[in-house]
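> What follows is a protein structure lacking sequence information:
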């Protein structure tokens, strides 16, 4: 951050330009000796720019864009049954297992979930077209309606036939 960069520059300037001893600067400013000498070495090589705060390097992506596309494709086009699972709904755990099998990449189900959310997907996606899902839901409702009518001995109407 900007404040630490400024403090590092003050400490190094006190030693290099005003001939204070590194030990005195450390005592006055409350830094460790190892930090002070690290800053002096960086200054000697890179100048004041070497004392700027550096962002920590990010961890490399485990799931690549290619893998994201593959996940999206199988979620939208296939079911876990195509891969030998006994369910038609995807779970993050199944997708993590498939990434291990297909790409040799070991990730948690939470990592898979994070990537799916970034792609506006959910693992609980059904691949059945909407018309088939509606037809299936209506058939299920019709079966329940028939049971309700017979249970209460209700007459069939145009709404419940």
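Arrived safely, thanks for sending. Keep in mind it's a predicted model, so treat the numbers as computed, not measured.
> Where does the prediction get shaky in the chain?
Applying pLDDT under 70 to the chain picks out residues 123-134, 136-137, 140, 143-161.
> The same query, at a cut-off of 80, please.
Scanning the chain for pLDDT under 80 picks out 1, 56-60, 122-161.
> all helices for it, in order.
Applying DSSP state H to the chain gives helices spanning 2-16, 22-29, 33-46, 65-77, 92-103, 109-118, 130-152.
> Output these as JSON lines; include the columns distance to residue 55.
C-betas here are computed from N, CA, C, even on glycine. JSON lines is the format used below for the helices of the chain (distance: least, C-beta to C-beta, whole Å):
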{"stretch": "helix 2-16", "distance to residue 55": "12"}
{"stretch": "helix 22-29", "distance to residue 55": "24"}
{"stretch": "helix 33-46", "distance to residue 55": "16"}
{"stretch": "helix 65-77", "distance to residue 55": "22"}
{"stretch": "helix 92-103", "distance to residue 55": "29"}
{"stretch": "helix 109-118", "distance to residue 55": "21"}
{"stretch": "helix 130-152", "distance to residue 55": "45"}
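> out of these, nearest to residue 57?
Between residue 57 and those, the tightest spacing by C-beta to C-beta is seen for helix 33-46, at 16.9 Å.
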